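1. using only what follows, build the 3D model:
(2 chains)
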Amino acid sequence: MYDRIKGFRDFYPEEMQSRRQVMDTVEAIAKQYGFREIGTPALESAEMYADKSGEEILEELYAFEDKGGRSVALTPELTPTVARMAVAKQQELSKPIKWVSTRPFWRYEEPQQGRFREFYQTNVDIFGSSDPSADAEILAVAADALTSLGLTQDDFDFRVSHRDILGGLLESFEGDIETGAAIRAVDKRAKVDHDEYAELLGDAGLSESQIAEFDDLLDTPEDDLDELVAFAGTERVESAVENLQAVLAATADFGVREYCTLSLTTARGLDYYTGVVFECFDSTGEVSRAVFGGGRYDDLIEGFGGQPTPAVGFAPGYATLSLLCQRAGVWPEEELTTDYYVLQVGDTREVAADIARELRERGHIVESDVAGRSFGAQLDYADSINAETVVIVGEQDLEDDNVTLKDMESGDQVHAAVDSFPGDHERPTFDDFAK
RNA sequence: UCCGGGCUGGGGUAAUGGUAUCCUUUGGGCUUGUGGUGCCCAAGACGCGGGUUCGAUUCCCGCGCCUGGACCCA
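-> This is a model prediction of the structure:
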């Protein structure tokens, strides 16, 4: 017996079926918006991550030297890869570039709730548009994906913020302030107690009165965003506020405004975000962390050696998304489904195989005996795979040119002429042959 | 990397310083023709290593894994 590697998971058929359904739903929505699926490598140059996030990041990666002496890493996220891909073909790709991808990622971290060393994400990104419609479309895809999973406004909430508003406000304060540290402090506001939060802001260079003032500003309601402009008096804050308002207005046109709440205290930890950022939260707060997040990262492509290219995207991870769905009671049943089990009694394989083939041609899930089992054992098995209908192909029935249809839920049975089964029926059941 | 809780057949449990209970599960059978209720047979466990002891699943130590949290969340 070998053990599973820590932080990695096996998915058996029942659970996998539910996961597949959820991932397909999310991807289908993105594809309806014209996001095109891409395929990407599991390994990238370790340097790509070190350059973007610093050498320390390698500690949290599966990074190693391959047999050719290259320093490589299992991809911990998709953004650098898609940035690389966009840069490589920036001339020939028509803009905006809209890509979607679902696949595993790996990080060498301590597993905990909603976090594993191997995890699956769907990345949805738009490159080449700085228009607020692009930001809003990302929010719309995210909202549509969640609602098509059966989630409602009562289940989740997109907390929308803007990096430039935070940065711009901080910039307008007197003194030597570390913007990055201050933004990270804001990101922690809901998580730590107030004193600790104030201390973090203090460390970032804000005075006590500035901390109070800044904190007040973060609570500015949506209708009073102009007050922020007046406070800062800078063009940066003014255009950031305008941009945020334009994005929110666009989400209204796209029919997803109701899922978005202004929340200036939402910052996202990442340094590379530049404009609108948002995080999806479980409305009840039972999922203790953000379910997923996204935002605008206009400078990243240029940082990867490309021409300046605006970008916005989001990336739901299925570990937290499944927690949200389960909490809301919309996680798909983890139960196998089978349309037909074709049961053989005696030497009836040929007829049974014919019937099974015809049913499969109609698109159904059909199983038959491949283990030489007895009648009872076959019925047992049919029950265990939740077969809806069992087609009994037995020597006795065949003498009268019949097969028997058994509805597994009720146990009712009816004869059907073997010549007319499945015949013209697309999905024949007990009811179609019962008088 | 750090902190807390945990670890007995595949799953859930019981007891115990002298190798383990019950339920469930899995496979087979109860005239190769009736499952989801029965019966019979079979399979299957003390996470790993060390220590104490005549003897450790039990007590002690270390490690591993699971779980929750911190850090981090790119």
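2. poorly predicted segments of the stretch 1-150 of chain A, please.
-> The model of the stretch 1-150 of chain A has pLDDT under 70 over residues A:1.
3. get me the contact residues on it for RNA strand B.
-> Proximity of the stretch 1-150 of chain A to RNA strand B is confined to A:3-4, A:6-7, A:49, A:52-53, A:57, A:60-61, A:76-77, A:79, A:107, A:109-115 under the rule Cβ under 7 Å from any atom of the strand. In this view, the C-beta of every residue, glycine as well, is placed from N, C-alpha and C.
4. now the helices for the stretch 51-200 of chain A?
-> With DSSP state H, counting those that start in this stretch as the criterion, the stretch 51-200 of chain A has helices at A:79-88, A:132-148, A:163-172, A:179-188, A:194-203.
5. next up, the contacts around the spatially most central residue of chain A.
-> Central residue of chain A (Cα atoms, centre = their mean): residue A:316, 3.2 Å from the mean position. Contacts for residue A:316 (Cβ atoms under 8 Å, 6 or more residues apart in numbering) come out as A:26, A:121, A:122, A:142, A:145, A:280, A:291, A:292.
6. can you put the helices of the stretch 51-200 of chain A in CSV and add distance to residue A:272 and mean neighbour count?
-> Putting the helices of the stretch 51-200 of chain A into CSV (distance: least, Cβ to Cβ, whole Å; neighbours: other Cβ atoms under 10 Å) gives the following:
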stretch, distance to residue A:272, mean neighbour count
helix A:79-88, 8, 20
helix A:132-148, 16, 23
helix A:163-172, 10, 22
helix A:179-188, 11, 20
helix A:194-203, 21, 15
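7. dump the ones you listed into JSON lines; add distance to residue A:389 as well.
-> Formatted as JSON lines, the helices of the stretch 51-200 of chain A follow (distance: least, Cβ to Cβ, whole Å):
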{"stretch": "helix A:79-88", "distance to residue A:389": "46"}
{"stretch": "helix A:132-148", "distance to residue A:389": "29"}
{"stretch": "helix A:163-172", "distance to residue A:389": "57"}
{"stretch": "helix A:179-188", "distance to residue A:389": "55"}
{"stretch": "helix A:194-203", "distance to residue A:389": "61"}
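8. ok, which of the ones you listed comes nearest residue A:434?
-> Proximity to residue A:434 (Cβ to Cβ) singles out helix A:132-148 among the helices of the stretch 51-200 of chain A, at 36.3 Å.
9. contacting residues around the closest one?
-> A:25-26, A:28-30, A:32-33, A:35, A:96, A:124, A:126, A:155-156, A:158, A:160, A:243, A:246-247, A:249-251, A:253-256, A:259-260, A:275-276, A:278, A:280, A:292, A:294, A:296, A:310, A:312-314, A:316.
10. now, those that are in strands?
-> Here DSSP state E is the test, and the contacts of helix A:132-148 give A:124, A:126, A:156, A:158, A:160, A:260, A:276, A:278, A:280, A:292, A:294, A:296, A:312-314 as lying in strands.
11. farthest-separated two in the residues you listed?
-> Spanning the widest gap among these are A:126 and A:156, at 21.7 Å by Cβ to Cβ.
12. spell out which residues of the stretch 301-435 of chain A are next to RNA strand B.
-> Contact residues, the stretch 301-435 of chain A versus RNA strand B (Cβ under 7 Å from any atom of the strand): A:345-346, A:371, A:373-377, A:379-384, A:392, A:394-398, A:404, A:406, A:408-411, A:413.
13. right, I'll call it a day here.
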